[in-house]
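*Asks:* my questions are about this predicted structure, shown below with the sequence.
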Amino acid sequence: MQSRQQRHVGSEDFPVVIVGAGFAGIGMAIRLKQEGIQSFKIFEAGSEVGGTWRDNTYPGCACDVPSHMYSYSFELWPEWPQSYSRQPDILRYLKHCVERYGLEEHIQLNTRVIDFQFEEDTGLWHVTTEAGDKHEARAVVAGLGPLNKPSFPNIPGRDTFQGPSFHSSEWKHDVELAGQRVAVIGTGASAIQIVPAIAPKVKHLNVFQRTPPWVVPRHSKIYPSWFKAMFRNMPPLQRLFRWFLYAFLELRAFGFVVTPKVMELASRLGQRNARKAIKDPELLRKVTPNYTMGCKRVLVSDDYFPALARDNVSVTDTGIQEIRENSILCNDGTEHPVDVLIYATGFNVYDILGPITVTGRDKKDLRTTWEDGQSSYYGIHAAGFPNFFLLVGPNTGLGHHSLVFMMEVQMNHIVRCIQHMRKHQLKWLDVTESAQDAFVRRTQERMQKTVWIQGGCQSWYLDDKGRNFSLWPGFTMEYWLQLRHFQPLHFETQTL
Ligand code: NAP
């Protein structure tokens, strides 16, 4: 008779819990299935799959990474309707993946996991949901997503506003914007998509800008039906196109991580983009950044500047002093009347775990461990938390390329870890402190040369001590190369 420990390491029965059915969780589930691992469950807090592409439904919501690269390499999709697809198309793609790979039976919706406890004797994770259900897993994969905890600005009087107000990621579609005086706070990636989409219908749109973003042309193309048919009938051509996009995007890393001076050249493209649409010198001054391009996320749009140039749109950059019942008071004493208030103010990216508690070996708590910096090994492992894998964890975000590529490298590494555990009948596998420290040291040293540290701006990429634990300071190719082989010497293991 098998013991409880052995039961969970057999080739058929290696229980894995995946948290989150967004791009990361769905991709991980597909990779497990492809490797013959069927014993996994996906717990999803929402009532539908899709993650950020389910939550963000604001007008104009689209992806600023080309779709043929912002998709899984193992599920190419000839049907992308345009080069930069919109939110409904991306959500449709993810639902197609769930159906195609038969993931429905593995997904449990409306299930929020709140607690993970590691039991060292058995090497199992005890997983508890908000409803109190308990599950056991040999491995946990957290595909929680960094951009799902809305951040609201700490502006006095925020609660006194009387009209409708909401965050960009919690769009209230029942609020009528036509004929209203609308305020959008923020000028990040979400805002620059919202502004052109709502400007034509509102009475007046006031964009409250704290820092102007660099915005380069998008040149989005609608793909004609022959183009889609070509990819449908000749998949190698589509693969080739993906490789072209990969190389094109990868070249951009030079400016971000090798020599930020390159960004000075690229910024001319941004300046030309603004000058082409905006003739008013005062507005042009307002929207021209004074920091190196790339220090904050470079935004991609053809219609943002033309929208700002409209008669019914204004940009206010004098700083918000207070939000009042029906207005916003600025630092220069001007009061702007507002009927509807939209917060396009981003996300709490450093709060990776949200309300989830993760307790590893020796009762180590992950949140407390990360209080002095989000140390990890390639953003996937945290020492002291065996068989607990993160997708899009610390230092794996990108400024220049598709995050889906990074996710796939991580999924493949996790698959290798699981194969290693199965092959060697391991109870658990934990990254060593020394391997993790070396990774953190190398990453932070390299970070010092990047535009995110050198660029002279304040961004959400940095933590409260000015360190960048959110982005990968290199080429995506390097991340892939470094994780191509499983390194047994970087791990402490325990056999059954
Ligand atoms: P964001 O980039 O963090 O932008 C937040 C905006 O709110 C910034 O302009 C910020 O100004 C402003 N803000 C924050 N607090 C403020 C305050 N107290 N007063 C005035 N302004 C304030 O957020 P986001 O636009 O939602 O985008 C977040 C991330 O989501 C992006 O960087 C990207 O990774 C992702 N995203 C991607 C796409 C895509 O197409 N792939 C689309 C949307 C979002 P400061 O700049 O001065 O801080």
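*Replies:* That came through fine.

*Asks:* where does the stretch 51-200 of the chain come near the ligand, residue by residue?
*Replies:* Within reach of the ligand by CB under 6 Å from any ligand atom, the stretch 51-200 of the chain has these residues: 62-65, 147, 153, 155, 168, 185-191. Where C-beta positions appear, they are placed from N, C-alpha and C, glycine not excepted.

*Asks:* just the ones of those residues in strands?
*Replies:* Secondary structure from DSSP state E places residue 185 of those in strands.

*Asks:* filter the residues of the stretch 51-200 of the chain next to the ligand down to the buried ones, ChimeraX style.
*Replies:* Only the buried entries of those go into this ChimeraX selection, using 16 or more other CB atoms under 10 Å:
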select :62,63,64,65,147,155,168,185,186,187,188,189,190,191
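
*Asks:* burial of the closest residue to residue 271 other than its chain neighbours, as a residue count?
*Replies:* Excluding the flanking residues, the one nearest residue 271 by CB to CB, 6 or more residues apart in numbering is residue 288, at 6.9 Å. Residues lying near residue 288 (other CB atoms under 10 Å) number 15.

*Asks:* do residue 179 as well
*Replies:* Per other CB under 10 Å, the neighbour tally for residue 179 reads 10.

*Asks:* the closest residue to it other than its chain neighbours and the ligand: what is the separation?
*Replies:* Distances taken as CB to CB, 6+ apart put residue 203 closest to residue 179, at 5.1 Å, once the chain neighbours are dropped. Note on residue 203: its distance to the ligand, by CB to the nearest ligand atom, to the nearest Å, is 22 Å.

*Asks:* any idea how far residue 203 lies from residue 337?
*Replies:* For residue 203, the distance to residue 337 equals 10 Å [CB to CB, to the nearest Å].

*Asks:* anything in contact with each of the two?
*Replies:* Counting by CB atoms under 8 Å, 6 or more residues apart in numbering, the contacts common to residue 203 and residue 337 are residue 181.

*Asks:* strands along the stretch 51-200 of the chain, start to end?
*Replies:* Per DSSP state E, counting those that start in this stretch, the stretch 51-200 of the chain carries strands over the ranges 107-108, 113-119, 124-129, 134-137, 139-142, 165-167, 181-185.

*Asks:* check which helices and strands the shortest one sits against.
*Replies:* In this structure, strand 107-108 makes packing contacts with strand 40-43, judged by 3 or more CB pairs under 8 Å, 6 or more residues apart in numbering; DSSP states H and E.

*Asks:* ditto for the third one
*Replies:* Helices and strands touching strand 124-129, as assessed by 3+ CB pairs under 8 Å, 6+ apart, comprise strand 113-119, strand 134-137, strand 139-142.

*Asks:* let me know which of the ones you listed is tucked in deepest.
*Replies:* strand 139-142 (a mean of 26; mean count of other CB atoms under 10 Å).

*Asks:* contacting residues around it?
*Replies:* Applying CB under 8 Å, 6+ apart, the external contacts of strand 139-142 come out as 14-20, 25, 28, 116, 125, 127, 356, 387-391, 393, 414, 417-418, 421.

*Asks:* list the residues that contact residue 138.
*Replies:* Residues in contact with residue 138 (CB under 8 Å, 6+ apart) are 8, 9, 14, 15, 16, 123, 124, 125, 387, 421.

*Asks:* would you list the phi and psi of it?
*Replies:* Reported as degrees, to the nearest 10, the phi and psi values for residue 138 are phi -80, psi -40.

*Asks:* kindly report the same for residue 206.
*Replies:* Residue torsions, per degrees, to the nearest 10, at residue 206 are phi -110, psi 120.

*Asks:* that one and residue 159, how far apart?
*Replies:* Relative to residue 159, residue 206 is positioned 20 Å away (CB to CB).

*Asks:* tell me how many other residues surround the closest residue to residue 337 other than its chain neighbours.
*Replies:* Excluding the flanking residues, the one nearest residue 337 by CB to CB, 6+ apart is residue 327, at 5.1 Å. Using other CB under 10 Å, residue 327 is surrounded by 21 other residues.

*Asks:* try residue 111
*Replies:* 18.

*Asks:* against which helices or strands is the longest helix along the chain packed?
*Replies:* Longest helix of the chain, by residue count under DSSP state H: helix 403-423. Helices and strands in packing contact with helix 403-423 are listed as helix 23-34, strand 139-142, strand 388-390, strand 426-431, helix 476-482; criterion 3+ CB pairs under 8 Å, 6+ apart.

*Asks:* what about 7 Å?
*Replies:* helix 23-34, strand 426-431, helix 476-482 (3 or more CB pairs under 7 Å, 6 or more residues apart in numbering; DSSP states H and E).

*Asks:* give me the spatial nearest neighbour of whichever residue of the stretch 151-300 of the chain sits closest to the ligand, chain neighbours excluded.
*Replies:* Of all residues in the stretch 151-300 of the chain, residue 188 sits closest to the ligand, at 2.2 Å by CB to the nearest ligand atom. Residue nearest to residue 188 in three dimensions, not counting chain neighbours: residue 346, with 5.6 Å by CB to CB, 6+ apart.

*Asks:* contacting residues for the one you found?
*Replies:* Going by CB atoms under 7 Å, 6 or more residues apart in numbering, residue 346 touches 151, 186, 188, 460.

*Asks:* please redo it, this time with the cut-off set to 6 Å
*Replies:* 151, 188, 460 (CB atoms under 6 Å, 6 or more residues apart in numbering).

*Asks:* against residue 17, how distant is residue 127?
*Replies:* Applying CB to CB to residue 127 and residue 17 gives a distance of 5 Å.

*Asks:* need the residues touching each of the two.
*Replies:* Here residue 127 and residue 17 have residue 137 as joint contacts, going by CB under 6 Å, 6+ apart.

*Asks:* just to revisit the earlier point, of residue 206 and residue 159, which one has the most company?
*Replies:* More crowded of residue 206 and residue 159, by other CB under 10 Å: residue 206, with 21 against 7.

*Asks:* so what's the more buried one scoring on pLDDT?
*Replies:* Listed pLDDT for residue 206 reads 98.

*Asks:* same question for residue 231.
*Replies:* For residue 231, pLDDT reads 98.

*Asks:* once you drop chain neighbours, what's closest to residue 366?
*Replies:* Of all residues not flanking residue 366 in the chain, residue 358 sits nearest, at 3.9 Å (CB to CB, 6+ apart).
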